[in-house]
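Q: Whatever this is, show me its structure:
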Amino acid sequence: MKTVELGWDIDSDDATSLWDLLTLRAQATGDTAAVTDEHGASITFAELLAKSERVAAGLYGAGITPGAVVSWQLPTRIDAIVLSMALARLGAVQNPIIPLYRKREVASMVEQCGSQWLITIPEFRGFDHAEMAREIRESLGDKLELLILAGDLPEGDVATLPVVPGDRDAVRWIYTTSGTTSAPKGVCHTDGTLIAGGVSLAESLEATAKDVGTIAFPFAHIGGPDMLIASFASGMPLVTLEVYEPNAAVELMNRTGVTITGGSTPHYSMLLDMQRKNPDTPVVPTLRVLAGGGAPMSEQLFNDVLTEIGVPVLHAFGMTECPMITAARVGDTLEQLAATSGGPVLGAEVQIRSEEDEVLAAGEVGRVWLRGPMRFKHYLVEGEIVRPFDEGGWMFTGDLGKLRDDGYLVLVGREKDLIIRKGESISPAEIEEVIATHPDVVDVAVIGLPDERAGERICAVVVLGENAAEIEVSDMRDYCKESGISPAKFPQEIVFVPEMPKTPTMKIRKQHLRQSIIDRIAADSATSVHEMSSY
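A: Numbering: from 1, shown residues only. Sure, this is the predicted structure:
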């Protein structure tokens, strides 16, 4: 792997916390833009530091104290970044929540994290977040304090603030992720683990202050602090988008001179579609790379982007528990870029092991294990701390893959029962619980089917009751909406079967079911499966 000497003007190892890292950046290049939004608003690094401190004082005056657990659900805006940094200044424990999540998920996350506060906005994209927050507080017996941001963020006198937190190894971030059950798990990170991930992202991208990056996905996603920390480390300004609408995104990227963008496979595909509308003119002339991870990327998509847009895709592999594991590099060969998930990032290690826990040689397929300074500290499950690590600090990712002779990782599948859609891990069990309550459904299995744009699409395989009519996808999506789960989890297809393939212990054989559905679709283009548009 090529080693790059970037010559950054600050050393992230000197930072005792995320707040300290922002302070170092503001001291180095305080007058340069830190974040610009699609409405033309902008804030410098020095202004970000100063405003975040005033907001920290406002939050402190409202009753949020160091160590308080605060869930927040905001769109990708400058205010979301300011709020997050203000909470970091206070030393609160943050639980960022993606705006698309609804009452069922948000209430579960708040309860899982033991949150004392929920901060949200009145409305976003036609949904009443304030009313949802009030319903959640009522369901929890008024044990939750609410802060509805109807206007500007609260500000106060910075002289009232407690001392700046300095322990970068203290758990101050709880992200939530889907497991093989319907209940989310709290993924506990520290400032140190997030800094390690963000710095490794900046290093893999060879980001400098001359670049302009984007946060074109929810800032509440684990990729949010990744990009923000990459910005603090390198001096790279960022451009934010609340919603990724291709025409508006391209106009904004051209207006701000974006050099690095992406997020996941759908972002590559949408930008490629925009390029094809006017093939003779570069869609974003300043662009030098696309970058992202989450959903799988096909070699065909890589080649199409390189040929038509003229830039490489630097695809990466990460997870909420370890946001950066492997990544492609600018200096990689085209074959490495197209056929692998790159090599281990700065500080990360990868092993391939057998089911018997033996380390396998290069080229052998097995379980993907990782360790590194960006790995999370532990899970929070029903109030209990769970550490899924072996004695050496290694963790099984749930993925299957192989390491090549050049050290690059090739993922070949997943062992755990999850659907990866648009870079998000979705628990089938949660959707199955909802669909199973439908009066016409006798049995259900939710699986992920391959999808060029999203990585996987959600398919509900259903056994109907006697004399029940087939259920339209639109009706089933309405049924799911009433349950309070996120639209991102609504089934996009329904396949009806007379019975489920099961093991002798009556567990559904999902891998067999998934392959049979794929074969069925391939063999019969006239299938009755219905596909819905993306959310």
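Q: any idea of the pLDDT on Lys416?
A: The model reports Lys416 with a pLDDT of 69.
Q: Hmm, Ile121 is touching Ile148, no?
A: Yes: counting by C-beta atoms under 8 Å, Ile148 is a contact partner of Ile121 at 7.0 Å. Bear in mind the C-beta positions are built from the backbone N, C-alpha and C, glycine included.
Q: higher neighbour count, the two?
A: Ile121 (19 against 15; other C-beta atoms under 10 Å).
Q: and the residue nearest to Pro296 when sequence neighbours are not counted, what are its bridge partners?
A: Leaving out its chain neighbours, the residue that sits closest to Pro296 by C-beta to C-beta, 6 or more residues apart in numbering is Gly455, at 5.2 Å. Under DSSP bridges, the beta-bridge partners of Gly455 are Asp451.
Q: What separation is there between the spatially closest residue to Gly213 that is not a sequence neighbour and Arg329?
A: Excluding the flanking residues, the one nearest Gly213 by C-beta to C-beta, 6+ apart is Ile260, at 4.6 Å. Relative to Arg329, Ile260 is positioned 13 Å away (C-beta to C-beta, to the nearest Å).
Q: For the residue nearest to Gly213, list the residues it contacts.
A: For Ile260, the contacting residues are 205, 207, 211-214, 236, 287-291, by C-beta atoms under 8 Å, 6 or more residues apart in numbering.
Q: Report the buried members of those residues.
A: Buried by 16 or more other C-beta atoms under 10 Å: 205, 207, 211-214, 236, 287-291, out of the contacts of Ile260.
Q: Of the residues you listed, just say which sits nearest to Leu18.
A: For these, the residue nearest Leu18 by C-beta to C-beta is Met236; the value is 16.5 Å.
Q: Quick check, pLDDT for the closest one.
A: 98.
Q: how would you label it: helix, strand or coil?
A: Of the three states, Met236 takes coil under DSSP: H, G, I helix; E, B strand; the rest coil.
Q: since we're on Gly366, how many residues are nearby?
A: Count around Gly366 with other C-beta under 10 Å applied: 21.
Q: Quick one: residues contacting Thr16.
A: 166-168.
Q: did I read that right, it in a strand?
A: No: under three-state DSSP, Thr16 sits outside any strand and is assigned coil.
Q: Provide the backbone phi and psi angles at it.
A: For Thr16, the backbone dihedrals are phi -90, psi -10 (criterion: degrees, to the nearest 10).
Q: same check, this time on Arg375
A: phi -70, psi 140.
Q: got a list of what the nearest residue to it once chain neighbours are set aside touches?
A: Leaving aside its chain neighbours, Arg375 sits nearest to Cys322 (4.7 Å; criterion: C-beta to C-beta, 6+ apart). Contacts of Cys322 were listed using C-beta under 8 Å, 6+ apart, and they are 197, 348, 370, 372, 374-376, 395, 397.
Q: Among those residues, which lie within helices?
A: Gly197 (DSSP state H).
Q: now the contacts of Cys322 as TSV including neighbour count and distance to Leu334?
A: As requested, those are arranged in TSV below (neighbours: other C-beta atoms under 10 Å; distance: C-beta to C-beta, whole Å):
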residue	neighbour count	distance to Leu334
Gly197	31	27
Ala348	23	23
Leu370	25	26
Gly372	22	27
Met374	28	28
Arg375	23	31
Phe376	28	34
Met395	19	31
Thr397	21	26
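Q: mind listing which of the buried ones among the contacts of Ile260 are in strands?
A: Using DSSP state E, the members of the buried ones among the contacts of Ile260 that fall within strands are 213-214, 289-291.
Q: Mind pulling the model confidence for Thr23?
A: 97.
Q: For Ser84, see how far away the nearest residue to it once chain neighbours are set aside is.
A: Spatially, and ignoring its direct neighbours in sequence, Thr23 is nearest to Leu49 (6.2 Å; C-beta to C-beta, 6+ apart). According to C-beta to C-beta, Leu49 and Ser84 sit 13 Å apart.
Q: Same question for Cys459.
A: 36 Å.
Q: Also Glu131?
A: In terms of C-beta to C-beta, Glu131 sits 24 Å off from Ser84.
Q: With Arg288 instead?
A: 28 Å.
Q: Remind me what the longest helix seen in the chain packs against, helices and strands.
A: Counting by DSSP H, the longest helix found in the chain is helix 45-62. Applying 3 or more C-beta pairs under 8 Å, 6 or more residues apart in numbering; DSSP states H and E, we find helix 45-62 packed against helix 18-29, strand 33-37, helix 78-90.
Q: out of these, deepest packed?
A: helix 78-90 (a mean of 25; mean count of other C-beta atoms under 10 Å).
Q: elements contacting that one?
A: Using 3+ C-beta pairs under 8 Å, 6+ apart: helix 78-90 touches helix 18-29, strand 33-37, helix 45-62, strand 69-73, strand 93-96, helix 223-234.
Q: which residues of the stretch 301-450 of the chain fall in helices?
A: Using DSSP state H, counting those that start in this stretch, the helices of the stretch 301-450 of the chain run over residues 334-339, 428-435.
Q: can I get the CA coordinates of the longest one in PDB?
A: The C-alpha trace of helix 428-435 is given here as PDB (Å, rounded to 0.1, in the frame of the first residue of the first chain):
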ATOM      1  CA  PRO A 428     -35.300  -8.300   8.900                       C
ATOM      2  CA  ALA A 429     -36.700  -9.300  12.300                       C
ATOM      3  CA  GLU A 430     -38.100  -5.900  13.000                       C
ATOM      4  CA  ILE A 431     -40.000  -5.800   9.700                       C
ATOM      5  CA  GLU A 432     -41.100  -9.400  10.100                       C
ATOM      6  CA  GLU A 433     -42.600  -8.600  13.500                       C
ATOM      7  CA  VAL A 434     -44.800  -5.900  11.900                       C
ATOM      8  CA  ILE A 435     -45.900  -7.900   8.800                       C
END
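Q: For the lowest-mean-pLDDT helix or strand in the chain, enumerate the helices and strands it packs against.
A: Using mean pLDDT, DSSP states H and E, the weakest-scoring helix or strand in the chain turns out to be strand 424-426, at a mean of 77. Under the contact criterion of 3+ C-beta pairs under 8 Å, 6+ apart, strand 424-426 touches strand 419-421.
Q: Note down every partner strand of the strand it packs on and its orientation.
A: Here, using DSSP bridges, strand 419-421 pairs with strand 424-426 (antiparallel).
Q: chain center to the partner strand: distance?
A: Remark: strand 424-426 is offset 8 Å from the chain centroid, using C-alpha atoms, centre = their mean, to the nearest Å.
Q: Just the residues contacting that strand, thanks.
A: With C-beta under 8 Å, 6+ apart as the contact definition, strand 424-426 has outside contacts at 98, 177-178, 221, 294, 319-320, 418-420, 448, 458, 488-489.
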